[in-house]
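*Asks:* let's see this in three dimensions:
(4 chains)
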Protein chains: 2
Amino acid sequence: MEYLVTKRSHPTADEIYSSLVKEMPTLSRTTVYNTLNILIGANIVRVVTIEEHEARYDADITDHGHFKCERCGTIYDFRIDTDAIRTEELKNFKINEKDVYYRGICAKCLGNIE
Amino acid sequence: MEYLVTKRSHPTADEIYSSLVKEMPTLSRTTVYNTLNILIGANIVRVVTIEEHEARYDADITDHGHFKCERCGTIYDFRIDTDAIRTEELKNFKINEKDVYYRGICAKCLGNIE
DNA sequence: TTTCGTGCAAATTATTTGCACTCCC
DNA sequence: GGGAGTGCAAATAATTTGCACGAAA
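*Replies:* Now for the predicted structure:
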């Protein structure tokens, strides 16, 4: 948990394992998954599934979107005003969770191209 | 492709396979995946990754959000005005793709509970 | 003949599960 | 002792890949 909070990137389970196993040599992947699932159940951690094949984890559970640069792979957070999204079609729906994922090229990579 | 366009649900690769294999007994899963990937590459089909473990496919490539009912599993489309989402933080970013996923309980299931 | 779509079966990979072990009350 | 957290190794499951076959051009 401390790792997720301090490192504000959006690591995969494997990245978490690889980083932490250096300090805790006995750590196993199972424990990483177990712990993550507990944290998710407690609503302290969110899953970011911006990539199809692997889940990423985020200790920031406030409403915000994720942008993934298709060139450098960096994932950026951005604030969103979800209330601005008109959703008349979901008028009588109970919305528990909102995920907004954008993909494209970030400003840094765009600058490097020119 | 015809299947995806007529059936407006958001089937998984396996659902597509299972449905089509009845009409085309020689069909293989490989061909389903091959074809889907061609269609995705041609920007005719979008992947909906509202579920972690399996990809769903959508022949509607216009900007719209997806709502998944956690009770009945139905996936609803809803129109979104993506321009209404203020994204000053992505000012100089090139955005290629926008995915909006909501989860909760749909009106129909809410009605059944009471 | 060469190319392309197809299909089988094996490989891949993130995640889950079964089970055994240890630590701590 | 008993429960919880841990870790190994095997299982699971969606998707990809290697390869070979057959039709079409």
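*Asks:* hey, where'd the strands end up in chain A?
*Replies:* Using DSSP state E, the strands of chain A run over residues A:46-48, A:56-58, A:64-69, A:75-79, A:94-105.
*Asks:* please convert those strands to CSV, extending it with distance to DNA strand D and mean pLDDT.
*Replies:* To be clear about C-beta, it is placed using only N, CA and C from the backbone, and glycine gets the same treatment. Written out in CSV, the entries for these read as follows (distance: least, CB to the nearest atom of the strand, whole Å; pLDDT from 0 to 100):
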stretch, distance to DNA strand D, mean pLDDT
strand A:46-48, 16, 95
strand A:56-58, 16, 96
strand A:64-69, 17, 94
strand A:75-79, 20, 92
strand A:94-105, 16, 93
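*Asks:* export those as JSON lines, with columns for mean neighbour count.
*Replies:* Putting these into JSON lines (neighbours: other CB atoms under 10 Å in any protein chain shown) gives the following:
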{"stretch": "strand A:46-48", "mean neighbour count": "19"}
{"stretch": "strand A:56-58", "mean neighbour count": "20"}
{"stretch": "strand A:64-69", "mean neighbour count": "21"}
{"stretch": "strand A:75-79", "mean neighbour count": "17"}
{"stretch": "strand A:94-105", "mean neighbour count": "18"}
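*Asks:* right, so of those strands, which gets closest to A:Ser9?
*Replies:* With CB to CB as the criterion, A:Ser9 lies closest to strand A:75-79 of the strands of chain A, at 7.1 Å.
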